[in-house]
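> Generate a structure from the sequence data that follows.
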Amino acid sequence: MTLPKRVKLVEVGPRDGLQNEPAPVPTEVKVELIHRLQDAGLKVIEATAFVSPKWVPQMADNARVMAAIRRKPGVSHPVLVPNKKGLDAALAAGVEEVVVFGAATESFSQKNTNCSIAEGLARFAEVCKEALARGLKVRGDISVCLGCPYEGEVRPEAVVRVARALDDMGCYEITIADTIGVGTPGKARTVFEAVMKHIPAQRLAGHFHDTYGQALANTYAALECGAATFDASVAGLGGCPYAKGATGNVATEDVLYMLDGLGIETGVDIVKLIAAGEYICGVLGRPTHSKAARALTAKSKA
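Below is the predicted model of the structure:
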């Protein structure tokens, strides 16, 4: 199969990577990380989330983060919003792109957002209508597309149903997420191909967790399907709360190393990206989860 010539990497470290940290991460650290990531060439950096500080205290400084970011031409900073209240706060902070997030299973939807899939989609429809009317871009994320911690196997039709609903709402891009990292390449290909019967591959993104070490293989399977946008987290930031002790997001450095090896353009400098990962890992006081970063750093010191 012909692979895409260029891939867009969506950096989710500052949001998805940091939101489950047990100790508060200072606002200035988040902003510095975002600056280092955009200086490395990343064009889409998920900056924060406008969610309840009661449930996600790490994102309580969302407005301060957005106000402090040094804007760089051509770089977008999407933020998560769960409902109209979150959208109102995001609009007040001057955001230009928002992300709504649903789930492919009823159990996960209830656990993650305290509502059914249908109720969640109704909320998102309200958010999308208002956001689009205000000139914002809207991205839609679908959780547990390749497996659910409560229901196990997820039928591709369940993913298709949510994807089509998000498409109807006006989401310009829809993310197929393996939230707990249980998927394998065959499953990833099956789900992408099912959704692609209704939405072109160019408007789909992959979000793969590396719990079972399958994230790069799943990324490659999605590449073969024609997908050319992938979420990743610098230094592999972010745990997997539904699989205790497991790693979470695939490391951006590892995805970039693979794409560089395939001759696929990204516009991202791997040396600067590794340095950004070293910075945040230094602040958090732990080593990077990125195998490519560890290997290339050791090689440079040899």
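> who are the neighbours in contact with Asp210?
181, 216, 236, 247-251, 289 (CB atoms under 8 Å, 6 or more residues apart in numbering). Using the backbone N, CA and C atoms, a C-beta is placed for each residue, glycine as well.
> one more time with 10 Å
178, 181, 216-218, 232-233, 236, 240, 246-251, 254, 289, 291 (CB atoms under 10 Å, 6 or more residues apart in numbering).
> same check, this time on Gly267
6-9, 40-43, 74.
> okay if I get these as TSV plus secondary structure, distance to Leu259 and neighbour count?
Listed next are these as TSV, based on DSSP: H, G, I helix; E, B strand; the rest coil; distance: CB to CB, whole Å; neighbours: other CB atoms under 10 Å:
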residue	secondary structure	distance to Leu259	neighbour count
Arg6	strand	9	10
Val7	coil	6	22
Lys8	strand	11	16
Leu9	strand	8	23
Ala40	coil	14	23
Gly41	coil	12	16
Leu42	coil	13	28
Lys43	coil	14	16
Gly74	coil	19	9
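> which one of those residues is nearest Val138?
Lys8 (16.5 Å; CB to CB).
> The closest one reaches Ala228, doesn't it?
Yes: with contact defined as CB atoms under 10 Å, Lys8 counts as touching Ala228 (6.4 Å).
> anything in contact with each of these two?
With CB under 10 Å, 6+ apart, Lys8 and Ala228 have common neighbours Ala205.
> neighbours around Leu37, how many?
Residue neighbour count, defined by other CB atoms under 10 Å, stands at 27 for Leu37.
> Report the backbone C-alpha coordinates of stretch 156-174 in CSV.
Output in CSV follows, covering the C-alpha atoms of stretch 156-174 (Å, rounded to 0.1, in the frame of the first residue of the first chain):
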residue,chain,number,x,y,z
PRO,A,156,-16.7,-1.5,14.7
GLU,A,157,-20.3,-0.5,14.1
ALA,A,158,-20.4,1.1,17.6
VAL,A,159,-17.4,3.3,16.6
VAL,A,160,-19.0,4.1,13.2
ARG,A,161,-22.2,5.2,14.9
VAL,A,162,-20.4,7.8,17.1
ALA,A,163,-18.1,8.9,14.2
ARG,A,164,-21.0,9.6,11.9
ALA,A,165,-22.8,11.6,14.6
LEU,A,166,-19.6,13.7,15.2
ASP,A,167,-19.3,14.1,11.4
ASP,A,168,-22.9,15.3,11.2
MET,A,169,-22.2,17.9,13.9
GLY,A,170,-19.4,19.5,11.8
CYS,A,171,-16.2,18.0,13.4
TYR,A,172,-13.5,18.6,10.8
GLU,A,173,-11.4,15.7,12.2
ILE,A,174,-12.4,12.6,14.1
